[in-house]
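Engineer: The following comprises the amino acid sequence and a computationally predicted model.
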Amino acid sequence: MKKTALITGATSGIGEATAYEFAKHGIHLVLCGRRLNRLNTIQKALERLTNVHILNFDVRDKTKTLQAIESLPNAFQNIDILINNAGNAHGLDPINEGSIDDWDAMMDINVKGLLYVSKAIIPQMTARQSGHIINIGSSAGKEVYPKGNVYCASKHAVLAITEGMRIDLNPFGIKVGAISPGLVETEFSQVRFKGDEVADSVYKGFKALQANDIAEIIYFAISRPPHVNIADLLVFPTAQASSTIVKKNV
Ligand code: NDP
Ligand code: 8X3
């Protein structure tokens, strides 16, 4: 029987690429995001390959998040694989200059949103004593870089929650792991810099990871045999050695 995966943040970047990768392998999809027009377009494109259902909600809204997941039709109700991917950085400022709205966005989306979605799905996994949860962390969850403060904190939290989930869900046979990318060329920097042209310079002068690179790794992780769990995976572009060391051709 085909598995069903729910992917948050499926409207762009890593989440969208993961939807395409999973569809190639016939995995049934529940795709989530706030931009309905994009969800519709992606659904249309992928329905040739697999069954697709879309859920349009903001992960910051716990009531809507729980309602959306409860509303799933029978054919999509059993979620075998949860990809907690929705998230972004908002701003890049020293802590003394950071915006409270940016801090709220990062903690509410990257941390609390991930918890709300997980809360809605974990009970069916524990009941079935099976399931696989992959949380998208970041190299920012492993090291703090200048002006990264709250984004790094949110991703450190994602990795701590991943570890906590793996421990607490171990008795139920549920796999839990994190995939932590370095620099990936997506809409991430457009969001971080609120459309400012500085976003265009982030991936210049070196070959950044592409969303599909991460999607292939996520598929690798979810397609291991039952006794193998990829618990924690850090992946950089070759040009990147750490959050602050990137070899650029300038
Ligand atoms: P994108 O900006 O391309 O994608 C972000 C996705 O998150 C979009 O689909 C967006 O959908 C969704 N999202 C954002 N806010 C919300 C919200 N409030 N409610 C629901 N969905 C939301 O960036 P990436 O693909 O790069 O980011 C995906 C994940 O990867 C994030 O967790 C990010 O932190 C992480 N990551 C990214 C790296 C990079 O360098 N790009 C490196 C390491 C980790 P919509 O706007 O339609 O709601
Ligand atoms: C995204 C990578 O280095 O911009 O998580 O924080 S970085």
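Structural biologist: Nice, thanks for sending it over. Numbers count the residues shown, from 1 in each chain. Ligands and ions are numbered 1, 2, ... in the order given.

Engineer: Apart from its chain neighbours, what residue comes closest to Asp232?
Structural biologist: Distances taken as C-beta to C-beta, 6 or more residues apart in numbering put Ala178 closest to Asp232, at 5.4 Å, once the chain neighbours are dropped. C-beta here means a position set from N, CA and C on the backbone, and glycine is covered the same way.

Engineer: before we move on, what about Tyr145?
Structural biologist: By the measure of C-beta to C-beta, 6+ apart, the closest residue to Tyr145 outside its immediate chain neighbours is Ser243, 3.9 Å from it.

Engineer: could you measure the one you found against Tyr151, distance?
Structural biologist: Distance, Ser243 to Tyr151, by C-beta to C-beta, to the nearest Å: 11 Å.

Engineer: More neighbours: which of these two?
Structural biologist: Using other C-beta atoms under 10 Å, the more surrounded residue of Ser243 and Tyr151 is Tyr151, with 28 against 19.

Engineer: In a strand, the residue nearest to Asp232, correct?
Structural biologist: Yes: the assignment for Ala178 is a strand, going by DSSP: H, G, I helix; E, B strand; the rest coil.

Engineer: separation between whichever residue of the chain sits closest to ligand 1 and Asp102?
Structural biologist: Proximity of the chain to ligand 1 (C-beta to the nearest ligand atom) peaks at Gly13, 2.1 Å away. For Gly13, the distance to Asp102 (C-beta to C-beta) stands at 19 Å.

Engineer: more crowded one of these two?
Structural biologist: Set Gly13 next to Asp102 and count neighbours by other C-beta under 10 Å: Gly13 wins out with 23 against 18.

Engineer: What are the boundaries of the helices in this protein?
Structural biologist: Assigned by DSSP state H, the chain shows helices spanning 13-24, 36-46, 62-70, 74-77, 100-106, 114-128, 149-169, 188-192, 211-222.
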